[in-house]
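> Got a sequence here, can you build the structure:
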Amino acid sequence: RRTRIPVILLNGGISADPLLYRVRIGANFEEEGKKVGKWLMDKIRGKCNIVELQGTALAMATIDRAKGFRDAVGGLYGGNISRSLSADFTQAKGHEVMADFLRSEDPTRICALFSHSDEMALGAIEAIKEAGLKPGKDILVVSVGGIPEYFKAMAHGEANITVERAHHLGAQAYDMVEKILAGEVLGTGKFISTTGDVFGQDTAAA
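Residues are numbered from 1 along each chain as shown. This is a model prediction of the structure:
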């Protein structure tokens, strides 16, 4: 007799029939992108050139964050994404790609950078400073992640906002295992969102 093994997904999802897993616990990547885009459009209130550092190509987080951000900036104010490239979620690549952006077009026409991760944003901040500009002021820096180093950058005025991503999913996964073992009916393909809040310079130091 074949035994059905319950599957729990943590963080990222999969392109598969939802009947194949019980629950996914993780961030709503599309909602993260929308939150960043809405904050940025409320801040600039007009058209300007936005550059984007995407994550690894074809990753669910990359695809969904890009979609959510575009949905937000393409609304009332019509933000213009002038350049968008993958920087593979790494700080070194973020520095490299941002430096290329700044060489490829007039830096004074770039109003903001949207990074799919804080790590890439930190590399981009260094590239902006090397170009003689002030990150967080000359070029607004908005991101997703909520890592300590990025909070320090916000406290120093070199980054503007981030959407916090839940890093500690173990407790929620354990609770779900207990429910499944207790025979609680969860259905299939359930999604539990851990999408965090927007944090900015005003609370970064605390």
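> longest helix of this protein?
In the chain, assigned by DSSP state H, the helix with the most residues is helix 29-44.
> send the alpha carbons of stretch 53-66 over as CSV?
Output of stretch 53-66 as CSV, limited to C-alpha atoms (Å, rounded to 0.1, in the frame of the first residue of the first chain):
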residue,chain,number,x,y,z
LEU,A,53,18.4,45.1,-10.0
GLN,A,54,16.6,41.8,-10.4
GLY,A,55,17.3,38.6,-8.7
THR,A,56,18.3,35.3,-10.3
ALA,A,57,16.6,34.8,-13.7
LEU,A,58,13.5,32.6,-13.6
ALA,A,59,13.4,32.5,-9.8
MET,A,60,9.9,32.8,-8.4
ALA,A,61,10.9,35.8,-6.2
THR,A,62,12.4,37.6,-9.2
ILE,A,63,9.4,37.1,-11.4
ASP,A,64,6.8,38.0,-8.8
ARG,A,65,8.6,41.0,-7.3
ALA,A,66,9.1,42.5,-10.8
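> most centrally placed residue in the chain?
Note on the chain: the residue nearest the mean C-alpha position is Val144, at 3.2 Å, using C-alpha atoms, centre = their mean.
> Pull the contacting residues for Val163.
For Val163, the contact set (C-beta atoms under 8 Å, 6 or more residues apart in numbering) comprises Glu32, Lys35, Val36, Ser143, Val144, Gly145, Gly146, Thr195, Gly196, Asp197, Val198, Phe199. In short, each C-beta sits where N, CA and C put it, glycine included.
> so what's it scoring on pLDDT?
Each residue has a pLDDT score; the one for Val163 is 97.
> For the chain, which segments are assigned as helices?
29-44, 60-73, 91-104, 118-130, 148-155, 170-181, 201-204.
> and among those, the most buried is which?
Comparing the helices of the chain by mean neighbour count (mean count of other C-beta atoms under 10 Å), helix 118-130 comes out on top with a mean of 23.
> which residues are in contact with it?
Residues outside helix 118-130 that contact it (C-beta under 8 Å, 6+ apart): 53, 55, 87, 89-99, 102, 113, 115, 134-136, 138-139, 141, 143-147, 149-150, 153, 158-159, 162.
> ok so, going back, so which of the helices of the chain comes closest to Tyr21?
Relative to Tyr21, the nearest member of the helices of the chain by C-beta to C-beta is helix 170-181, separated by 11.1 Å.
> what residues are up against Lys134?
With C-beta under 8 Å, 6+ apart as the criterion, the residues that contact Lys134 are Ile128, Glu158.
> any idea how far Leu19 is from it?
Applying C-beta to C-beta, to the nearest Å, one obtains 52 Å for the distance of Lys134 from Leu19.
> Equivalent analysis for Ser86, please.
Going from Ser86 to Leu19 by C-beta to C-beta gives 32 Å.
> okay, those two: which has more neighbours?
Higher neighbour count among Ser86 and Leu19: Ser86, with 18 against 9, using other C-beta atoms under 10 Å.
> contacting residues for that one?
Ser86 makes contacts with Leu53, Gln54, Gly55, Thr56, Ala57, Thr62, Lys93, Val97, as judged by C-beta under 8 Å, 6+ apart.
> Tell me the confidence at Lys152?
The per-residue pLDDT of Lys152 was computed as 98.
> ok, now Val185?
Per-residue confidence (pLDDT) for Val185: 69.
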